[in-house]
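Participant: Build the 3D model from these lines:
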Amino acid sequence: MGKFVNRAVLGGTRNRAFRRGFSIKDAVVVLVIIGVVLGVGFPAMMYMRERVRNMTCQSNLRKIGAAIDRYRSNDPSSAYPMGSGYHLADKSAGVSWWVDILPHAEGADHLPKWSNVPNRADFGDPLGNPNIAWADGYQVSLFFCPGSPLPQFNDPLRNLSDATRKLLTDRAPQGIAVPMYAAVAGGAPDLRDSNITQPTDKPAGRNTQDGKWGILSGSGVFPPNAHIQSAAIFDQKSKTIIVVEQSGYAIDKTLDPPDLYDLRSAWPKGAFMGTHGDYREPRASHPGVNGDGSERCWNITTIRYPLNTHDIKKKGIVVDPPAPRPAKEGDPVPPLPPYPPQGYGPGHNHPANSAHPGGAYVLMADGSAQFLNEQMDLMLLLRMATRDDKVDVAD
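Facilitator: Residues are numbered from 1 along each chain as shown. Below is the predicted model:
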């Protein structure tokens, strides 16, 4: 006769063991493991994300450089595009260098033909502008740094006149793209003058006097109203800056909460805007006020301050007033005021500034994209912004 086994007892013991859940100790161990994994993985993920952003920003600048080279290869004198142009025949705003290079840029082959009309790039023109039909909402990826918090388009409800809006009959206006890269008109001071050994506001050479909008230079590769030939670049092309990144905000920390300011040289008119200024080569005799040098130049900048300068009170930095604040917490935010008739726009000396920590990306005349440390010496930066100071810059 077999041995009697109480299966109910065994079954009950086995079921109780199976039903026993995690103890507090087990849960703590699991949480510690998850914390360790996140502690190791999250910084690595953030590092990789920033690395991808950096690579994309560099790629944008290289594509811009390639488009500039293709433009030059189709130009009879192998000249660079005009930095910021004036429409002399109609004495109105011309176009920026973007209009010249976009037909040669990767991913921008769908660019329609630009209509050569008065005020052809000023989309706030009260007479309207036929170019708005395609320029509104137009963008290519190389306009924008992926790490930037800045808006990619201006506010069409503020920037477009009623007459211009009527040209957009099939859709609501989206705004004009505002690039995060600006061409370099030169440096202030003009270091072709060998007597200048330190930064100064004294006008010299191809720079205007320090006027309402700051100092405008013609010492770089993209001055206003001029095409610079390759032979005019006497310095090493690998050490001559032609385009700078402008992808970060300026911050006024004296307010709580702080106000953010857009320091792009394209803001707020957008990628295609040139200048209302009938400049020839800027020079020290230009007063910079109520005459040559008094008109703003969109999409170009004259290097005057160190990389990532965020002080909005420096000369030559002109900002769009911040959005109105509610009277008290909980109140709705007041609407943005309309632009005044003369519009807002950049000063001549908006700095190279970046959303990337520690410095900013720039495009050199040889087509290479480089990351410059924000601690670099200002005189060195000014030399790199000048095309012909004939001083070798060390690596």
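Participant: Can you read off the backbone torsions of residue 369?
Facilitator: Backbone torsions for residue 369, taken as degrees, to the nearest 10, come to phi -110, psi 130.
Participant: hang on, it packs against residue 244?
Facilitator: No. Contact criterion Cβ atoms under 8 Å: residue 369 and residue 244 do not qualify, at 11.0 Å. No exception for glycine: its C-beta is placed from N, CA and C like everyone else's.
Participant: For residue 386, see how far away residue 121 is.
Facilitator: Applying Cβ to Cβ, to the nearest Å, the value for residue 121 to residue 386 is 27 Å.
Participant: For residue 369 and residue 244, list the residues in contact with both.
Facilitator: Taking Cβ atoms under 8 Å, 6 or more residues apart in numbering as the contact rule, residue 369 and residue 244 both touch 361-363.
Participant: now those residues in TSV, with distance to residue 240 and neighbour count?
Facilitator: Converted to TSV, the shared contacts of residue 369 and residue 244 look like this (distance: Cβ to Cβ, whole Å; neighbours: other Cβ atoms under 10 Å):
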residue	distance to residue 240	neighbour count
361	15	22
362	10	25
363	10	26
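Participant: Among those residues, which lie within helices?
Facilitator: Among the shared contacts of residue 369 and residue 244, no member falls in helices (DSSP state H).
Participant: Run through the bridge partners of residue 181.
Facilitator: Per DSSP bridges, the residues bridged to residue 181 are residue 245.
Participant: After the longest helix seen in the chain, which helix or strand is next? Please name it.
Facilitator: For the chain, the longest helix by residue count, based on DSSP H, is helix 24-73. Beyond helix 24-73 in the direction of the C-terminus, DSSP states H and E gives the next helix or strand as strand 84-87.
Participant: buried ones in that next one?
Facilitator: Buried residues in strand 84-87, defined by neighbour count with 16 or more other Cβ atoms under 10 Å: 84-87.
Participant: So which of the shared contacts of residue 369 and residue 244 sit within strands?
Facilitator: 361-363 (DSSP state E).
Participant: possible to save these as JSON lines with pLDDT and distance to residue 307?
Facilitator: Output for those, formatted as JSON lines (pLDDT from 0 to 100; distance: Cβ to Cβ, whole Å):
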{"residue": "361", "pLDDT": "95", "distance to residue 307": "10"}
{"residue": "362", "pLDDT": "97", "distance to residue 307": "9"}
{"residue": "363", "pLDDT": "97", "distance to residue 307": "14"}
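Participant: In TSV: these, plus distance to residue 132.
Facilitator: TSV is the format used below for those (distance: Cβ to Cβ, whole Å):
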residue	distance to residue 132
361	31
362	32
363	29
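Participant: and of those residues, the nearest to residue 94?
Facilitator: residue 363 (22.5 Å; Cβ to Cβ).
Participant: now the spatially closest residue to the closest one that is not a sequence neighbour: how far from residue 64?
Facilitator: Using Cβ to Cβ, 6 or more residues apart in numbering and skipping the chain neighbours, the partner closest in space to residue 363 is residue 243 (3.9 Å). Distance of residue 243 to residue 64, given as Cβ to Cβ: 6 Å.
Participant: now do residue 268
Facilitator: Look at residue 268 and residue 64: by Cβ to Cβ, they are 21 Å apart.
Participant: And residue 106, by the same measure?
Facilitator: Distance, residue 106 to residue 64, using Cβ to Cβ: 10 Å.
Participant: And residue 240, by the same measure?
Facilitator: Distance, residue 240 to residue 64, using Cβ to Cβ: 15 Å.
Participant: Looking at pLDDT only, which of the buried residues of strand 84-87 scores worst?
Facilitator: Ranked by pLDDT, the buried residues of strand 84-87 bottom out at residue 87 (76).
Participant: Confirm for me that it is in contact with residue 99.
Facilitator: No. The criterion here is Cβ under 8 Å, and residue 87 misses it with residue 99 at 11.8 Å.
Participant: show me the contacts for residue 82.
Facilitator: 94, 97, 100, 222, 224-227, 274.
Participant: and which of those residues is nearest to residue 357?
Facilitator: Distance to residue 357 across those (Cβ to Cβ) is lowest for residue 222, with 27.2 Å.
Participant: so that closest one sits right up against residue 244, yeah?
Facilitator: No. Look at residue 222 against residue 244 with Cβ under 8 Å: they stay out of range, at 10.5 Å.
Participant: shared neighbours of these two, which are they?
Facilitator: Common neighbours of residue 222 and residue 244 (Cβ under 8 Å, 6+ apart) are residue 184.
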